[in-house]
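Enquirer: Here you go, sequence then predicted model.
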Amino acid sequence: MPRIIREAEISWEGNVARGTGAISAASSSAFSGLPYTAATRIGIPEGKTSPEELLAAAHGGCFTMSLASELSKAGTPPERLDVRCVVTMDEVEGKGHQIVHSQIEAHGTVPDCDEAAFAQAAEAADASCPFSALIRASATVSVSATLSL
Amino acid sequence: MATERRMSTTWHGTLMEGAGTIHEAGSGAFGALDVSWASRAEASNGKTSPEELIAAAHSSCFAMALSHGLAQAGTPAERLDTSATVTFVPGEGITKIALSVRGSVPGIDAAAFVAAAEGAKVGCPVSKALAAVPEITLDAALA
């Protein structure tokens, strides 16, 4: 299989307490110059993104594509999937700040698929999503899946 | 105290032919971003992907950790330029992340800067979460 390469660039000025960084998508240019700071990473975001928010976007985006793939493989391609991902960082005694949890909630409109089959596809998506496997190095991953009416 | 960050994605259709949207960031920092399998696996055509977002998360976490380490060592950085390049092989997963940094840091020598960068590479929370990536490399030098 071909290797796929994606790059992001950051510039940071100043110390961690008072400095500011800027985050840019170097491969796609889909976003650029997103500011981030230590205070808004830990506390209220005040309109600024953070590594954890980007991880939530990455994990949610990756899981969603895996779920679309699993449902198609099962012969029940989705009409629509809505997936929410919440990433939690916490201070762990003796280990400093860690990504401790990623919580995924999937809702789907999937013709001819029942709740049990949808839950099974979500479990398979968690197993096949490359990011779900990786983040388990420091975090627990929870997945809930329900069909939309 | 735990910090939570939330994102939502909507997808329509199959993986190969469908398309998705990563919705506006919970923080409000960026608006909706389109994603598709073709732009994830082939030319990006201006669309982001989970791998690019991981690169953004990792390089931003690394920069912040390095800034902290340098300040603690009594040599705060004036400016750090970092990047992360994520390699993804479909069917295999994320096989490599290459971190790079160029720093403007008054009063530090090259060896001490490289040592601080190695510390940030090992210690930043995103590095710890991605510790299972088979290869994480670092290219660190003073600007």
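Expert: Arrived safely, thanks for sending. This structure is a prediction, so every number in the text was calculated from the model and none was measured.
Enquirer: Now do the strands for chain A: every range, in order, please.
Expert: For chain A, the strands defined by DSSP state E cover A:4-13, A:20-25, A:34-36, A:80-92, A:96-109, A:140-147.
Enquirer: try chain B
Expert: B:3-12, B:19-22, B:33-35, B:79-89, B:93-104, B:135-142.
Enquirer: Columns distance to A:G60 on top of those strands, output as CSV?
Expert: Every C-beta, even on glycine, is put in place using the N, C-alpha and C of the backbone. As requested, those are exported to CSV (distance: least, Cβ to Cβ, whole Å):
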stretch, distance to A:G60
strand B:3-12, 5
strand B:19-22, 7
strand B:33-35, 10
strand B:79-89, 16
strand B:93-104, 16
strand B:135-142, 23
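Enquirer: Which of those sits closest to A:T76?
Expert: A:T76 sits nearest to strand B:3-12 of all the strands of chain B, at 14.1 Å, using Cβ to Cβ.
Enquirer: tell me the angle of that closest one relative to strand A:80-92?
Expert: Angle between the axes of strand B:3-12 and strand A:80-92 is 160 degrees (criterion: axes from the mean of the first three to the mean of the last three Cα atoms, to 10 degrees).
Enquirer: picking up where we left off before, need the strands of chain B in CSV with distance to B:A71 and mean neighbour count, can you?
Expert: CSV is the format used below for the strands of chain B (distance: least, Cβ to Cβ, whole Å; neighbours: other Cβ atoms under 10 Å in any protein chain shown):
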stretch, distance to B:A71, mean neighbour count
strand B:3-12, 21, 21
strand B:19-22, 33, 22
strand B:33-35, 33, 22
strand B:79-89, 11, 23
strand B:93-104, 12, 20
strand B:135-142, 16, 14
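Enquirer: between those strands, which one is nearest to A:V143?
Expert: Of all the strands of chain B, strand B:3-12 comes closest under Cβ to Cβ, at 13.9 Å.
Enquirer: Which strands border that closest one, and is each parallel or antiparallel?
Expert: strand A:80-92 (antiparallel), strand B:19-22 (antiparallel) (DSSP bridges).
Enquirer: right, and those strands - which one's nearest A:S138?
Expert: Once these are compared by Cβ to Cβ, strand A:80-92 is nearest, at 8.6 Å.
Enquirer: buried sites along the closest one?
Expert: A:L81, A:D82, A:V83, A:R84, A:C85, A:V86, A:V87, A:T88, A:M89, A:D90 (16 or more other Cβ atoms under 10 Å in any protein chain shown).
Enquirer: Extract the C-alpha trace of that strand and format it as CSV.
Expert: Provided in CSV are the C-alpha atoms of strand A:80-92 (Å, rounded to 0.1, in the frame of the first residue of the first chain):
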residue,chain,number,x,y,z
ARG,A,80,-25.6,9.4,7.7
LEU,A,81,-23.3,9.1,10.7
ASP,A,82,-22.9,11.6,13.5
VAL,A,83,-20.0,11.0,15.8
ARG,A,84,-18.9,13.0,18.8
CYS,A,85,-15.5,12.6,20.4
VAL,A,86,-14.4,14.0,23.8
VAL,A,87,-10.8,13.8,24.8
THR,A,88,-9.8,14.3,28.4
MET,A,89,-6.4,15.3,29.7
ASP,A,90,-5.7,15.0,33.4
GLU,A,91,-2.8,15.3,35.8
VAL,A,92,-1.8,11.8,36.9
